[in-house]
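[1] Fold the following for me, if possible:
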Amino acid sequence: MVAPRKILAVKLRALGDTVLMTAPLLELRKSFPNAEIHVVVTRAWATLLEGHPAVDKIWFYDRHREATARARAIAGLALKLRKEKFDWAINFHASPSSATLCYALGAKTRSIHFHGHKDKNRYSTVVVPGKGVLKPVIERDMDTIRALGVNAPVGVLPQIFLRNEEIESAKRKLAGLGLPGPYLCLGIGASRPTKRWPMDRYASIALRWCDETQGSVLVFNSLDETRERDEFYAEVGKKSVEWYIDPRARHAVRDRIHNETQIELRQMAALFQLSTAYFGNDSGPKHIAVASGLKTLTVFGPEDPFEWHPYPTDRHPYLFIEGLPCRRDHEPGMRPWCGLHECKIEEHRCMKKILEDDALRALRKLAPEFHA
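    Here you go, the predicted model:
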C-alpha cells in the first residue's frame with residue numbers, strides 16, 4: 001500500500017471516545033511521520049486534541065439531534081473537506097452520518113469501522129480485522145488502522161498533551177483557592193442515573209480524604225449535573241454535622257471540598273496532572289484522568305468494564321459486581337449489561353452493593369497518602 005500524503009481521521013462521538021482516539025492517532029503518526037493528518041471531532045471536545053503530535057489540523061462538527069439539520073451539517077462539512085483531497089479517510093467508530101461523510105470525500109482508501117458486531121462496515125475499501133469479536137473499545141479503534149497496515153501494539157493508552165503554562169495556571173488556581181494537597185478528584189456525574197454511585201457514599205469518601213490526608217477534594221460535574229452536585233453537598237453537610245462536634249473543624253474540612261461545574265476540559269486535565277488519584281463513575285472525565293497520567297478508581301454498575309475500561313488495573317482498578325441476573329440487554333455470547341435509565345424493580349443493586357468500605361480499601365491501595 002502506497003504511503004499516504006494526507007489523512008483524515010474521524011470520530012464524531014462522546015467525550016470519552018474522543019479521548020480514546022488519541023491513542024491510535026499516535027500510532028498513525030509513528031507509521032507515517034511525514035503525512036499531513038487532519039481530524040474531525042465534535043466541537044465540544046476538540047480542545048483535547050490541541051498540541052497532539054499526530055494532529056496537523058482540527059475540523060469541527062456541531063452535533064444536531066434533528067435528522068435534517070444533521071444531514072445538512074454533514075453535507076456542508078463534506079464539501080469543505082473534499083477540497084483537501086485526502087488520500088485516506090479513517091473512521092474509528094462510524095455512524096451512518098459519519099460513514100457518508102468519509103465516502104463523500106473522494107478518498108480512494110477508506111477504513112470505516114462500525115463497532116456494532118452485526119453492522120457492516122459500509123463504504124470501507126479495506127477489511128477491518130476482528131469484526132464481530134468482543135474487544136475493548138480502544139482495540140477496536142486500533143483495528144481500524146491495523147486494516148491499513150499499521151502495526152499497532154496492544155495496550156497503548158490515550159494521552160493529552162498540555163503546555164507548561166497550562167500546568168502553571170492550574171497551580172496558581174489551587175494556590176489562590178487555598179486548597180492544600182494531596183488532591184483527590186471526584187467524578188460524580190454519568191451519562192444516565194443508573195451509572196451513578198450513591199452520593200452519600202461519595203460524600204463520605206470526600207470527608208475521609210480531607211480528614212485523613214489533610215488534603216483537598218476536587219469535585220467535577222457538568223451543567224446538566226447541578227442537581228447531583230447539590231445532592232452531593234447536601235450529603236457532605238449532613239455527614240460533617242454528624243462527624244464533627246466542633247463547628248470550626250467541620251468548616252475546615254468542608255472548605256477543602258471544592259466544586260468545578262463545567263470546567264474547561266484542558267484545565268480539568270491540568271488539575272488532574274497535579275492530583276494524586278481520581279475516583280468516580282464510568283464517564284468522560286475518567287478517560288481524561290487516564291490520559292493525563294492520573295491513577296484512577298472507577299465504579300461500574302450496569303455496564304461491564306471489559307469494553308469501556310481498556311486500562312491496566314494496577315493503576316486503574318475498578319469496582320464491579322459480577323454475575324447479576326438483572327443485566328440482560330446483551331446479545332448471546334456478549335458480556336451482560338443493562339440499558340435502563342432508571343432502576344426501580346432491582347433497586348439499583350449493581351451500584352448499591354458496592355459499599356463505601358470497598359471503595360476505601362481500593363483507594364487506600366491506590367493512594368499511599370490515604371491511610372487510616
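[2] what mean pLDDT would you report for the lengthiest helix in the chain?
    For the chain, the helix with the greatest residue count under DSSP state H is helix 226-243. Averaged over helix 226-243, pLDDT sits at 96.
[3] Tell me the buried residues in that helix?
    Within helix 226-243, the residues scored as buried using 16 or more other C-beta atoms under 10 Å are 228-229, 231-233, 235-236, 239-240. C-beta here means a position set from N, CA and C on the backbone, and glycine is covered the same way.
[4] chain center to it: distance?
    Using C-alpha atoms, centre = their mean, to the nearest Å, the mean C-alpha position of helix 226-243 is found 26 Å from that of the whole chain.
[5] Alpha carbons of it, in CSV - could you do that?
    Presented in CSV, the C-alpha positions along helix 226-243 are these (Å, rounded to 0.1, in the frame of the first residue of the first chain):
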residue,chain,number,x,y,z
THR,A,226,-26.1,20.5,39.1
ARG,A,227,-28.8,18.5,40.8
GLU,A,228,-26.3,15.8,41.5
ARG,A,229,-23.8,18.4,42.7
ASP,A,230,-26.4,19.8,45.1
GLU,A,231,-27.3,16.4,46.4
PHE,A,232,-23.6,15.6,47.0
TYR,A,233,-23.1,18.8,49.0
ALA,A,234,-26.2,18.2,51.0
GLU,A,235,-24.8,14.8,52.0
VAL,A,236,-21.5,16.4,52.9
GLY,A,237,-23.3,18.8,55.1
LYS,A,238,-25.3,16.1,56.9
LYS,A,239,-22.3,13.9,57.5
SER,A,240,-20.0,16.7,58.6
VAL,A,241,-22.6,17.6,61.3
GLU,A,242,-22.6,14.0,62.5
TRP,A,243,-18.8,13.5,62.4
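[6] Can you pull out the residues in contact with it?
    188-189, 196, 199-200, 202-204, 206-207, 211, 219, 221, 250, 253-254, 257, 259, 261 (C-beta atoms under 8 Å, 6 or more residues apart in numbering).
[7] Counting neighbours, which of the residues you listed end up buried?
    Using 16+ other C-beta under 10 Å, the buried ones in the contacts of helix 226-243 are 188-189, 196, 199, 202-204, 206-207, 211, 219, 221, 250, 253-254, 257, 259.
[8] Next step: these restricted to helices.
    Those of the buried ones among the contacts of helix 226-243 mapping onto helices are 199, 202-204, 206-207, 211, 250, 253-254, per DSSP H.
[9] could I get those as CSV with pLDDT and distance to A54?
    Below are these laid out as CSV (pLDDT from 0 to 100; distance: C-beta to C-beta, whole Å):
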residue, pLDDT, distance to A54
M199, 97, 39
Y202, 98, 36
A203, 98, 41
S204, 97, 42
A206, 98, 37
L207, 97, 42
D211, 93, 44
R250, 91, 49
V253, 93, 44
R254, 94, 44
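[10] mind putting those residues in a markdown table, distance to A9 included?
    Formatted as a markdown table, these follow (distance: C-beta to C-beta, whole Å):
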| residue | distance to A9 |
| --- | --- |
| M199 | 38 |
| Y202 | 36 |
| A203 | 41 |
| S204 | 43 |
| A206 | 39 |
| L207 | 44 |
| D211 | 46 |
| R250 | 51 |
| V253 | 46 |
| R254 | 45 |
